[in-house]
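> Model the following, please.
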Amino acid sequence: MSIFYKDSSFPVMRSVVLSTIAISSLWLVTACDSQTVTSNSNATSNTDNAGNNIIKNDSSSSTNSKNLPNEKMVSLLGYQKLSFGQVITPELLSELGLARQSGDNEQCYYVSNPKLSYVDKDYGKRASVLYQIIDDKVALITIKSPDTPFYTGINIGDSAKAVMKVHNDNLAYEVDKYAVDGDYYSLIANVKFDNKEDTLPIQIEYHIKGGQKLNDYKIKSTEWTADNKRMLQGQVKSIDIGIPEAIYLVEGCS
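Numbering: from 1, shown residues only. Predicted coordinates for the structure are as follows:
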C-alpha cells in the first residue's frame, strides 16, 4: 500500500504519518465476540485490545474481500473504482469522469462525479460523494447524499443513537470547534481492514447535526456514561471515511 504525504509541504502532517507507517505495518490480531455490522456486505466487526473496530473478511463466504460491492456502496475498499492510497492522475480523473473542485491547491484537492448529485434543501444541487486527494493519493471519501449507501448500514439522516448501536458504543465524541453550542458534533470510529495482504488504519467520522452539547470537547470511546448516552441526540449530516490524517484536517484543503 502506498504511503501518504511523501515530500509533502505540510510539515506537521509529515511527522504524523510516521506513526501511520508504523501502524500500517502491523498485522491485526483476531478479537472475540465478533458480530455482523451490516447485512449489505460480507464483513464482520470485532474490537481489538486498543478498542478499534476491526473489519475482517468472512472466510466462510464465497465472496473475496477484493470483490465487495464498493461499486454500489462506500466501504473500506473505497467507492466507484477508487480506493484509499490509490495514485490519482489527470488521465484517471478524465477516464472516470471526475471533476476537481475549484479553489483547491495541487497537494490537497477534492474531486467528484458530476453525474452523482442530490438536491440539498438549503444549498441546492450538491455532489453526492467527494474524494479528497492529498499528495496525489485518495485520502478521504465524504458522503453527502442520503441515497449513497455506506457499508455499516448507516445513511445520511439516521440518528446518533443508531450510529452508536452499529458500532457497539465504541466511538469517540468531539464537539465541532465552529459550533460552540454543540449543535454540530462528530462520532469517530477507528476501523482497520485486514485483507491478508496489507493493513491500513482507517477512521470513520459521522458528522451529527441537531445534537446536545455533552462536554466542551471530547469523550473517549472508553469513557461513555449512561447519562451521556441518554443525552445523545441528532441525525447524521455527512460521513467521512479515510486515513486519520485526513479526518483531522478540520478545514479540509482550505
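> what about the nearest residue to residue 143 once chain neighbours are set aside, helix or strand, and which?
Nearest non-adjacent residue to residue 143, counting by CB to CB, 6 or more residues apart in numbering: residue 239, 4.3 Å away. In this view, the C-beta of every residue, glycine as well, is placed from N, C-alpha and C. Here residue 239, judged by DSSP states H and E, is contained in strand 235-242.
> For that strand, buried residues please.
235, 236, 238, 239, 240, 241, 242 (16 or more other CB atoms under 10 Å).
> likewise stretch 102-115?
104, 107, 108, 109, 110, 111, 112, 113.
> Now the two most distant members of those.
Farthest apart among these by CB to CB are 107 and 113. That separation is 22.0 Å.
> what sits against residue 109?
100, 101, 132, 133, 253 (CB atoms under 8 Å, 6 or more residues apart in numbering).
> residue boundaries of the helices in the stretch 51-200 of the chain?
90-96, 160-166 (DSSP state H, counting those that start in this stretch).
> Tell me which of the ones you listed sits most buried.
helix 160-166 (a mean of 19; mean count of other CB atoms under 10 Å).
> what comes into contact with that helix?
Contacts for helix 160-166 (CB under 8 Å, 6+ apart): 37-38, 152-154, 171, 187, 206, 208, 211, 229, 232-236.
> Emit the PyMOL select command for whichever of those are buried.
For the buried members of those, the matching PyMOL selection, counting by 16+ other CB under 10 Å, is:
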select buried, resi 37+38+152+153+154+171+187+206+208+211+232+233+234+235+236
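> Please flag which of the contacts of helix 160-166 sit within strands.
Taking DSSP state E, the ones among those that sit in strands are 187, 206, 208, 235, 236.
> from those residues, which single one is nearest residue 84?
residue 206 (17.9 Å).
> Max pairwise distance over the ones in strands among the contacts of helix 160-166: which two?
Using CB to CB for every pair in the ones in strands among the contacts of helix 160-166, the one that comes out farthest apart is 187 and 235, at 11.7 Å.
> for the stretch 101-250 of the chain, which spans come out with low pLDDT?
For the stretch 101-250 of the chain, residues meeting the criterion pLDDT under 70 lie at 103-104, 179-182, 193-200, 250.
> Quick check: which helices or strands does the helix or strand following the strand holding residue 239 pack against?
Once strand 235-242 ends, the next helix or strand along the chain (criterion: DSSP H and E) is helix 244-247. Judged by 3 or more CB pairs under 8 Å, 6 or more residues apart in numbering; DSSP states H and E, helix 244-247 is in contact with helix 11-24, strand 129-134, strand 137-143, strand 199-209.
> Repeat the analysis, applying 10 Å as the threshold.
With contacts taken as 3 or more CB pairs under 10 Å, 6 or more residues apart in numbering; DSSP states H and E, helix 244-247 sits against helix 11-24, strand 129-134, strand 137-143, strand 184-194, strand 199-209, strand 235-242.
> Extract the CA atoms of it and return them as CSV.
In CSV, the C-alpha atoms belonging to helix 244-247 read as follows (Å, rounded to 0.1, in the frame of the first residue of the first chain):
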residue,chain,number,x,y,z
PRO,A,244,-6.7,9.6,10.3
GLU,A,245,-4.6,12.5,9.0
ALA,A,246,-7.3,13.5,6.5
ILE,A,247,-10.1,13.0,9.1
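> Kindly reformat the ones in strands among the contacts of helix 160-166 as JSON lines containing distance to residue 166.
Listed next are those as JSON lines, based on distance: CB to CB, whole Å:
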{"residue": "187", "distance to residue 166": "11"}
{"residue": "206", "distance to residue 166": "10"}
{"residue": "208", "distance to residue 166": "14"}
{"residue": "235", "distance to residue 166": "14"}
{"residue": "236", "distance to residue 166": "11"}
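> Please consider this matter closed, and thank you.
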